[in-house]
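# sequence and computational prediction follow.
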Protein chains: 2
Amino acid sequence: MKLHRLEEKELIEAIRKEFFTHQANLELGIGDDAAVIKAGKTYLVITKDLLLEDVHFLRRLHPSHLLGRKSLNVNLSDLAAMGAEPKYALLGLGLPFKTEIEWIEDFFKGFKSAAGKFGVKLIGGDVTRAQKVTVSVTLIGEGKRIIKRSGAESGHHLFVSGTLGEAREGFLLLKRGFKLGGDKKKDKMLKAFLDPTPQVELGMRLARLQLASSMIDISDGLSVDLGHICKESRCGAEIEKEKLPISSELRSVQRRAFDFAMNGGEDYQLLFSVPPSKLYAVYGLKKKYSLTHIGKTIRGKGIFLIDRRGRRQKLQSRAWQHF
Amino acid sequence: MKLHRLEEKELIEAIRKEFFTHQANLELGIGDDAAVIKAGKTYLVITKDLLLEDVHFLRRLHPSHLLGRKSLNVNLSDLAAMGAEPKYALLGLGLPFKTEIEWIEDFFKGFKSAAGKFGVKLIGGDVTRAQKVTVSVTLIGEGKRIIKRSGAESGHHLFVSGTLGEAREGFLLLKRGFKLGGDKKKDKMLKAFLDPTPQVELGMRLARLQLASSMIDISDGLSVDLGHICKESRCGAEIEKEKLPISSELRSVQRRAFDFAMNGGEDYQLLFSVPPSKLYAVYGLKKKYSLTHIGKTIRGKGIFLIDRRGRRQKLQSRAWQHF
């Protein structure tokens, strides 16, 4: 059997299942946002991502300092989803010979700006020749309390941070030739895709205050990532359609705004569940963070959309497709 | 300036210097075989390698189970050089759509055989689509005592494990079309390149017994890697030409055997320095490990070869070139 007979997502799922089996002795096996190992009284949380040219980004469309920043930020988002404090990064970089030194300098500037902002130390890594730009980041964080995907129970409230769907719109604008520095509305969308902000502080706050029973970052799209929480927590979910946080800017330019918010991917916002007893405290956090109460977990399987008239519709989760 | 104006090694050196600056608060900065962070009473040692198709390996020539094994083993060799005990691995894998499932299965079999042999747990990672096979391994180990490159002083004795130069010969045989399963001599050379064995136990033993003042694994070639020890330890070295551990098999097939042993690379043996007071104890280890006393460190700069008549010749270190 060859790989092209399978859809990308199915393939990756199959490989994960087959080869990345759970291991004893670990707090978490493979399948959460990051791996967790015990180190004395605290947990070390480790995440790793490959970003490949022409698979995850197009070099000519992605300004290199933003690419450098994004390559760390997407890993920071994985740690945020566990509630961990980011500490150390290792950067593996494969570069074609024709790469301009300025490009590399800008990449590192971007990487270091994210590292500086979130207090991450670059402690190692390697540079090698490559045929296409290959970025491999390993990020290590620490936490006394770790939030898993699996802790939700039926009747918990679901929240997301920020707004959804703009990165998808930004990605399409980029492919249609739009660049940063044009009009304000388009810039917002482009930035959401090119330069996402990981919700590190919010994630740590939720962990420290023990407010979230489960958490994930939205990288594949709300529908897919909520599916992960439901699967790991063995529950279903109901989302109130009208509640999804969609910016007025996105609504004004894209009539598929709801679809983008539901299935767009690359939002790097946090999705988390809150037990009823903690609801009041989470509402308190809304002073400081942009948080939206979008629904709740339910018994059984499946994710359902509830419209304003109370009608229920079962959701088909759809994956984000790259280039 | 574009990258192709620089030699690969110079380029990488320049990038390392420019971008991977030392950081405070860490036991070791970038530049040793692995990064080291403190975690309670012990050190965590972290190493990371990118292996890229057509840069570090040729897919059609490298059996996939051996490639899987080598991808972990070269990282194990980095930990061995610090004297650390390997614990956890994360594997990032980029796969072209046309990859056969059997290839992937064999790759994981190989990876897991090395993991099993050295007690490493695969705790995380990711699979993604790619245009060429892209392997990114992060390996985490632990150690109470870490051996750096920088601890040698003049008058320390230099040792290497195993034999040198065979991997280079194996690489050339491979490119000339030879495969494993032919004659015994060629198989030995091919295996040295395709399936190297990291000196994990020896490295840990040297650290635990505090016998080595500095250590490195020989990945770029003895001349280059000894150069790293000399640079970091601010000393020079003398190597007795006749002492280099070159197998009779290599001598019998390759008249450039000495050159290969000195500059070949990919040996994944350990090179370490021993203070005079520990010499007796290291000789004791020769019962269990293949160790050769090849020379000593000296005051000042430069690496010198001493021939059997006592003549001294300054060495020019030469780097291993990939495909």
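Yep, that arrived.
# compute the number of surrounding residues for the residue of the stretch 101-250 of chain A found nearest chain B.
Scanning the stretch 101-250 of chain A for proximity to chain B using Cβ to the nearest Cβ identifies A:Gly124 as nearest, at 3.4 Å. C-beta here means a position set from N, CA and C on the backbone, and glycine is covered the same way. A:Gly124 has 29 neighbouring residues, counting by other Cβ atoms under 10 Å in any protein chain shown.
# is it correct that it is in contact with B:Ile37?
No. Contact criterion Cβ atoms under 8 Å: A:Gly124 and B:Ile37 do not qualify, at 9.7 Å.
# what residues are shared contacts of these two?
Counting by Cβ atoms under 8 Å, 6 or more residues apart in numbering or on different chains, the residues touching both A:Gly124 and B:Ile37 are B:Ile46.
# what are the ranges of the helices in the stretch 51-200 of chain A?
Using DSSP state H, counting those that start in this stretch, the helices of the stretch 51-200 of chain A run over A:64-80, A:101-117, A:166-175, A:184-194, A:200-208.
# now the third one: buried residues?
Going back to what we said before, that points to helix A:166-175. Buried positions in helix A:166-175, judged by neighbour count with 16 or more other Cβ atoms under 10 Å in any protein chain shown: A:166-174.
# can I get these in JSON lines including distance to chain B and pLDDT?
Below are these laid out as JSON lines (distance: Cβ to the nearest Cβ, whole Å; pLDDT from 0 to 100):
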{"residue": "A:Glu166", "distance to chain B": "23", "pLDDT": "97"}
{"residue": "A:Ala167", "distance to chain B": "18", "pLDDT": "97"}
{"residue": "A:Arg168", "distance to chain B": "19", "pLDDT": "96"}
{"residue": "A:Glu169", "distance to chain B": "23", "pLDDT": "96"}
{"residue": "A:Gly170", "distance to chain B": "21", "pLDDT": "96"}
{"residue": "A:Phe171", "distance to chain B": "17", "pLDDT": "94"}
{"residue": "A:Leu172", "distance to chain B": "20", "pLDDT": "95"}
{"residue": "A:Leu173", "distance to chain B": "23", "pLDDT": "95"}
{"residue": "A:Leu174", "distance to chain B": "20", "pLDDT": "94"}
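# what's the distance between A:Thr138 and B:Ala39?
Distance of A:Thr138 to B:Ala39, computed by Cβ to Cβ, to the nearest Å: 16 Å.
# which of the two has more neighbours?
Set A:Thr138 next to B:Ala39 and count neighbours by other Cβ under 10 Å: A:Thr138 wins out with 29 against 16.
# pLDDT score for A:Lys37?
Slight slip there: residue A:37 is Ile, not Lys. pLDDT recorded at A:Ile37 is 86.
# go ahead and confirm it touches A:Ile46.
Yes. Counting by Cβ under 8 Å, A:Ile46 is a contact partner of A:Ile37 at 7.2 Å.
# which one's more surrounded, the two?
A:Ile46 (26 against 21).
# quickly list what that one is bridged to.
A:Ala35, A:Ile140 (DSSP bridges).
# who are the contact partners of it?
A:34-37, A:138-141, B:88, B:90, B:123-124, B:138, B:140.
# same thing but 10 Å
Contacts for A:Ile46 (Cβ atoms under 10 Å, 6 or more residues apart in numbering or on different chains) come out as A:34-37, A:75, A:78-79, A:82, A:84, A:88, A:138-141, B:46, B:88, B:90, B:123-124, B:138, B:140.
# and A:Phe57, what is it in contact with?
A:Phe57 is in contact with A:51, A:66-67, A:70-71, A:133, A:135, A:174, A:193-194, A:322-323, counting by Cβ under 10 Å, 6+ apart.
# revised request: answer the last question for A:Asp195.
Applying Cβ under 10 Å, 6+ apart, the residues contacting A:Asp195 are A:62-63, A:65-67, A:69-70, A:73, A:110, A:114, A:167, A:170, A:180.
# what subset of these is buried?
The buried subset of the contacts of A:Asp195 - by 16+ other Cβ under 10 Å - is A:62-63, A:65-67, A:69-70, A:73, A:110, A:114, A:167, A:170.
# any low-confidence regions in chain A?
Within chain A, the segments meeting pLDDT under 70 span A:1-31, A:317-323.
# ok, A:Leu164 - contacts?
Taking Cβ under 10 Å, 6+ apart as the test, what A:Leu164 contacts is A:192, A:218, A:221-222, A:244-247, A:250, A:257-258, A:260-265, A:267, A:269, A:271, A:292, A:294.
# phi, psi of it?
Here is the backbone geometry of A:Leu164 (degrees, to the nearest 10): phi -120, psi 150.
# break chain A into its domains for me.
Following automatic domain parsing, chain A resolves into domains at A:3-143, A:157-314.
# got those as JSON lines, with distance to B:His156 columns?
Shown next, in JSON lines, are the domains of chain A (distance: least, Cβ to Cβ, whole Å):
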{"stretch": "domain A:3-143", "distance to B:His156": "26"}
{"stretch": "domain A:157-314", "distance to B:His156": "46"}
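# how about these, which one is nearest B:Lys301?
domain A:3-143 (25.8 Å; Cβ to Cβ).
# residues of the stretch 101-250 of chain A that sit close to chain B?
Residues of the stretch 101-250 of chain A lying close to chain B (Cβ under 10 Å from any Cβ of the partner chain) are A:101-105, A:107-109, A:111-112, A:115, A:121-132, A:134-140, A:142.
# in PDB, list the C-alpha atoms belonging to stretch A:151-159.
Extracted in PDB, the C-alpha atoms of stretch A:151-159 (Å, rounded to 0.1, in the frame of the first residue of the first chain):
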ATOM      1  CA  GLY A 151     -10.500  15.600  31.900                       C
ATOM      2  CA  ALA A 152     -13.900  16.900  30.700                       C
ATOM      3  CA  GLU A 153     -17.100  15.400  32.100                       C
ATOM      4  CA  SER A 154     -20.600  15.900  30.800                       C
ATOM      5  CA  GLY A 155     -22.100  19.100  31.900                       C
ATOM      6  CA  HIS A 156     -18.900  21.100  31.800                       C
ATOM      7  CA  HIS A 157     -18.900  24.500  30.100                       C
ATOM      8  CA  LEU A 158     -16.900  25.100  26.900                       C
ATOM      9  CA  PHE A 159     -14.900  28.200  26.300                       C
END
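# which of the residues in that stretch are buried?
Buried residues in stretch A:151-159, defined by neighbour count with 16+ other Cβ under 10 Å: A:151-152, A:156-159.
# off-centre distance for that stretch?
19 Å (Cα atoms, centre = their mean, to the nearest Å).
# also stretch A:186-206?
Using Cα atoms, centre = their mean, the offset of stretch A:186-206 from its chain centre is 9 Å.
# chain A: strands as residue ranges?
A:35-39, A:42-52, A:85-95, A:121-129, A:134-143, A:157-161, A:214-217, A:236-240, A:270-274, A:291-298, A:303-306, A:312-314 (DSSP state E).
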